[in-house]
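Colleague: below are the sequence and a predicted model for it; my questions follow.
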Amino acid sequence: MGDAVGLTFQQIQKYERGSNRIGSSRLYEFAKLLDVPVSYFFDEMPSNALSGRPMSGRGRKGFGEAGTPFEQEKDPLVKRETLELMRAYHKIRENRVRKRIFEMIKAVGAASHADALGGSKQRRSAKGG
């Protein structure tokens with residue numbers, strides 16, 4: 001990924017760890033490279049991610065550092081497993097295969113989420129009824 005956008009491995013690591021902030025133009029480059037809209041990176045952002053934090057200025061904590069909403073939420077986007085999955089996914093050269101795997105993962109995730117919600121509803125109705 002770094003090669004594709006003209007960054008070193010170390011620079012990419014700094015973005016991954018949150019020690020460097022990602023500017024809008026760089027975010028746009030990443031979105032283009034990953035073939036996703038820029039909004040993709042904000043889809044599951046916690047609603048309190050920016051609460052109580054100024055919008056400008058240096059010296060702010062990076063995403064994933066202790067005390068930030070991302071660390072508190074245990075954001076899956078900062079996990080090594082997610083990074084490894086993304087790297088493996090983007091090594092798939094056949095667009096059709098990659099898209100089908102993407103759709104399969106979305107379907108499995110949705111089904112798993114629905115099952116989890118269904119199980120919690122059953123537990124609540126058993127307690128209440």
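Modeller: Cool, the structure landed.

Colleague: check contacts around residue 30.
Modeller: 1, 5, 22, 41 (CB atoms under 8 Å, 6 or more residues apart in numbering). Every C-beta, even on glycine, is put in place using the N, C-alpha and C of the backbone.

Colleague: work out for me the element it sits within.
Modeller: helix 24-34 (DSSP states H and E).

Colleague: in that helix, what's buried?
Modeller: 29, 30 (16 or more other CB atoms under 10 Å).

Colleague: I'd like the average pLDDT over stretch 101-110.
Modeller: Per-region confidence: stretch 101-110 scores 92 on mean pLDDT.

Colleague: contacts for that stretch?
Modeller: Contacts of stretch 101-110 (CB under 8 Å, 6+ apart): 89, 92.

Colleague: residue contacts, residue 40?
Modeller: 31, 34.

Colleague: let's see 7 Å
Modeller: residue 31 (CB atoms under 7 Å, 6 or more residues apart in numbering).

Colleague: kindly list the main-chain dihedrals of it?
Modeller: Dihedral pair for residue 40: phi -50, psi -40, per degrees, to the nearest 10.

Colleague: likewise residue 94?
Modeller: Torsion angles, degrees, to the nearest 10, at residue 94: phi -80, psi 110.

Colleague: just the pLDDT for it.
Modeller: 93.

Colleague: and the gap between it and residue 26?
Modeller: Per CB to CB, to the nearest Å, residue 94 is found 28 Å from residue 26.
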